[in-house]
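In: Let me see the structure of the following:
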Amino acid sequence: MGTWLTFVLAALLALLVVHLPTAAALRVLGSGRGPALLLAPPLAAAVAGTGAIGAEMAGLPWHLGTFLGCAVMLLAAAWLLARCGVRLPAISLRAPAVRRAGDPPHRDTGPLLSDLDPPRGDAAQVARWGPWAVGLALAVALAPILVAMRRPDAVLERWDTLYHLSALARIRATGDGSSRTLGILSNTVGEPVFYPAAFHDLAALMPAGSIPAILNGTTLALAVVPWVLGTAALAHVLWPGVRWAGAAGALGAALAPAAPLNEWIHLSPIPNLTGMAMIPGTLTGLLLMWRVVLAGDATRRQLLAVVGVLMAVLLGLALLQPNVAVTLLILLCVLTAVTGAPHWRSRPLLAAVPVLALLPPAALTWTPLGATVTNFSGGLVVPWWTALGEIVLGLWTVWPMALGVAMAALWWPGLVRTVRTPQRWVAIAWVVLAVLYLDAGVDSALDLSVLFYRGQDRLAMPLALLSVLLIVPGLQLLVRAVRSSRWGLRPVTAVLVAAAVLMAGTSVPVRYENASKNLAADYPGRGRFLQPDEQEAFAAVAEQMDHRYVLLASPFSGASHMYALHGMNVRFPVAGMSFKGTDEEVVAAVPEAATSPEACQVLRSAHVKYIYQERSPYQWDTRYSPIEMADADLGTVLFETPHSRLIEVDCEVD
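Out: A predicted model of the protein is given here:
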């Protein structure tokens with residue numbers, strides 16, 4: 001199968017499996033089409049993540065057929081619940097255009113914005129040109145990355161990419177995609193370790209083809225489509241009286257410097273960023289349900305269905321990456337506290353909702369439950385004024401560019417305006433995320449951002465979402481200023497549109513440069529796992545190598561990728577592994593194996609038949625330095641490049 005075909009099919013399959021089965025189940029439960037599609041991706045992650053765990057426990061292989069079986073069971077469960085009267089409120093993305101003065105409060109919590117809504121003629125222009133504008137924005141965001149990538153099976157030069165490639169290779173080889181065991185990649189002794197595997201379970205549904213192409217296609221699809229569509233829907237639901245709110249949300253989501261797409265190339269925390277891409281659509285569906293609850297229109301059985309969907313959504317996001325679920329809980333806490341507060345006196349139980357939302361993050365932060373994350377040390381530390389400047393100017397650590405400053409000029413007025421409207425929870429949530437970002441930037445002793453590994457990059461994505469939403473009221477103020485301008489509506493509009501296109505265009509060289517840092521074959525000052533000559537050399541000898549035996553090399557060398565690329569049995573398939581069992585003994589035996597029968601026996605016992613030496617690794621780790629001391633007398637040299645050598649071990653044992 002051609003790599004481009006694999007890439008496209010993997011992207012299409014990913015979109016189909018995360019939307020169709022779970023959206024159908026939500027429709028059976030009574031949800032409208034729009035909310036069902038928006039809530040479907042995290043539910044699909046829950047189905048894949050729990051399904052893979054169940055398959056592993058039952059001794060079944062994980063593949064597309066297994067997933068479809070799980071989807072059928074989900075549909076059957078939804079049908080049975082609906083028959084029992086447990087149905088969702090009839091939520092829909094359609095809402096009254098605006099609230100008018102004198103009307104009673106409406107559950108859509110929409111502001112009085114009819115004075116800023118475009119005339120019907122202008123609205124028709126938005127409907128006509130909106131899709132083209134969003135398409136152009138997506139081209140600006142995607143084209144520089146695809147050009148830098150050059151090949152659909154290009155391997156991103158980041159640590160995390162190596163893990164995700166190896167994880168997909170392991171699921172394909174063993175049929176085991178369980179989160180209970182996938183962390184086994186981090187050791188050589190076969191010790192199962194928990195690792196949230198929902199993304200890998202979804203990506204592994206592509207039955208054949210190049211693993212790097214599958215990873216790239218799946219990531220691209222899930223980083224872009226749910227993010228853009230979800231943000232557009234959330235903007236539309238928040239400002240139903242503004243006909244262009246959805247288009248503005250989609251444009252901002254596509255162009256935002258800290259979009260999940262850019263985080264993919266920046267650091268490659270793929271499960272995290274794909275989960276973050278699902279946040280806006282998920283929040284839209286939950287917001288619509290919450291409005292029904294606030295209005296007092298939900299029956300007990302409907303409340304049960306709402307709670308069930310919420311739990312399933314959180315499970316799916318947690319099985320992608322736990323801090324994505326934490327992000328959603330923080331946003332829900334702010335949303336339910338701010339919008340529910342006026343109802344607490346008459347309905348005191350509503351006050352428990354934000355408290356319950358905050359309990360899991362608090363427990364993970366201040367109890368041993370989150371020790372795996374809270375014990376983490378590292379991350380980029382900057383002076384407080386730098387971190388504050390990044391927040392104020394929109395120059396977040398993920399791909400800072402001048403376009404972010406231009407967007408900040410819109411969301412700051414939008415934030416000030418929103419504080420005085422029913423959507424004030426968005427502004428308050430923005431402040432909360434900004435505080436967490438600042439905490440991560442300075443590595444504060446308060447440890448507020450500890451569940452995000454104190455990483456600004458992870459917090460930049462939800463902060464970008466809220467900033468994009470705040471652009472809508474910022475644009476409303478700009479619309480009012482343009483309409484009152486003495487220069488005339490059309491000339492000023494033409495100038496502003498031209499300036500926007502120019503500003504978006506100026507980001508293209510920056511995007512290409514940032515993508516090239518981790519995608520180009522060579523980049524000054526940036527390490528590389530893989531060099532083109534060693535990739536070609538490995539491909540040339542792959543068929544003659546016996547894959548039953550072990551390839552020993554530093555995980556920071558290109559050899560670590562050979563498990564995913566050619567199915568080789570690599571001793572250290574991922575970076576950052578800790579030595580366990582005989583690891584240290586095997587590595588230490590390499591320099592002596594050519595002359596010492598005892599050392600040779602150590603390699604033989606470990607089934608080591610190939611030694612790969614890399615003189616320019618991605619990163620140097622002294623634990624693996626003995627590998628570089630092996631002499632060519634150890635065996636036959638299968639290939640040699642100016643910076644590396646592959647030796648087939650042929651030593652003698654008494």
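
In: Pull out the buried residues from stretch 339-350.
Out: By 16 or more other CB atoms under 10 Å, the buried positions in stretch 339-350 come out as 339, 340, 343, 350. Placement of C-beta: from N, CA and C, glycine included.

In: An error on my part: the question was meant for stretch 222-238.
Out: 222-238.

In: Pull the distance from it to the chain's centre.
Out: Relative to its parent chain, stretch 222-238 has a centroid offset of 14 Å by CA atoms, centre = their mean, to the nearest Å.

In: Over to stretch 264-271?
Out: 7 Å.

In: which stretches of the stretch 151-300 of the chain form helices?
Out: 159-174, 198-203, 211-238, 245-255, 260-266, 270-294, 300-320 (DSSP state H, counting those that start in this stretch).

In: Now do the longest one against helix 300-320, angle only.
Out: In terms of direction (axes from the mean of the first three to the mean of the last three CA atoms, to 10 degrees), helix 211-238 departs from helix 300-320 by 140 degrees.

In: Any chance of the helices of the stretch 151-300 of the chain in a markdown table with mean pLDDT and distance to residue 394 as columns?
Out: Listed next are the helices of the stretch 151-300 of the chain as a markdown table, based on pLDDT from 0 to 100; distance: least, CB to CB, whole Å:
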| stretch | mean pLDDT | distance to residue 394 |
| --- | --- | --- |
| helix 159-174 | 95 | 25 |
| helix 198-203 | 97 | 28 |
| helix 211-238 | 97 | 16 |
| helix 245-255 | 94 | 11 |
| helix 260-266 | 96 | 13 |
| helix 270-294 | 96 | 18 |
| helix 300-320 | 95 | 26 |
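
In: can I get those in JSON lines with distance to residue 578?
Out: Output for the helices of the stretch 151-300 of the chain, formatted as JSON lines (distance: least, CB to CB, whole Å):
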{"stretch": "helix 159-174", "distance to residue 578": "14"}
{"stretch": "helix 198-203", "distance to residue 578": "21"}
{"stretch": "helix 211-238", "distance to residue 578": "25"}
{"stretch": "helix 245-255", "distance to residue 578": "39"}
{"stretch": "helix 260-266", "distance to residue 578": "26"}
{"stretch": "helix 270-294", "distance to residue 578": "21"}
{"stretch": "helix 300-320", "distance to residue 578": "24"}
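
In: Nearest to residue 482, out of those helices?
Out: Residue 482 lies closest to helix 245-255 among those, at 14.6 Å (CB to CB).

In: any chance you could map the helices in the stretch 351-500 of the chain?
Out: 352-366, 371-374, 384-393, 402-418, 424-442, 456-483, 489-519.

In: Which residue is the nearest non-sequential neighbour of the residue nearest the centre of the chain?
Out: The residue lying closest to the centre of the chain (CA atoms, centre = their mean) is residue 273, at 1.3 Å. Excluding the flanking residues, the one nearest residue 273 by CB to CB, 6 or more residues apart in numbering is residue 260, at 3.9 Å.

In: Let me know how buried the one you found is, in neighbour terms.
Out: 28 (other CB atoms under 10 Å).

In: elements contacting the one helix or strand in the chain whose mean pLDDT sits lowest?
Out: Across the helices and strands of the chain, mean pLDDT, DSSP states H and E gives its lowest value to helix 371-374, namely a mean of 72. Packing contacts for helix 371-374, counted by 3 or more CB pairs under 8 Å, 6 or more residues apart in numbering; DSSP states H and E, involve helix 352-366.

In: Tell me which of the helices of the stretch 351-500 of the chain is the most buried.
Out: Of all the helices of the stretch 351-500 of the chain, helix 456-483 carries the top mean neighbour count, a mean of 24, counting by mean count of other CB atoms under 10 Å.

In: and that helix with helix 489-519, angle?
Out: Using the same axes, to 10 degrees: helix 456-483 against helix 489-519 is 170 degrees.

In: model confidence over helix 456-483, on average?
Out: Average pLDDT, helix 456-483: 91.

In: Provide the contact partners of stretch 205-216 at residue level.
Out: 1, 3-7, 9-10, 13-14, 17, 48, 63-64, 67, 149, 152-156, 161, 164-165, 168-169, 172, 203, 217-218, 270, 564-565 (CB atoms under 8 Å, 6 or more residues apart in numbering).

In: Derive a PyMOL selection command for the buried subset of those.
Out: A single PyMOL command selects the buried members of the contacts of stretch 205-216 (16+ other CB under 10 Å):
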select buried, resi 3+6+7+9+10+13+14+17+48+63+67+149+152+153+154+155+156+161+164+165+168+169+172+203+217+218+270+564+565
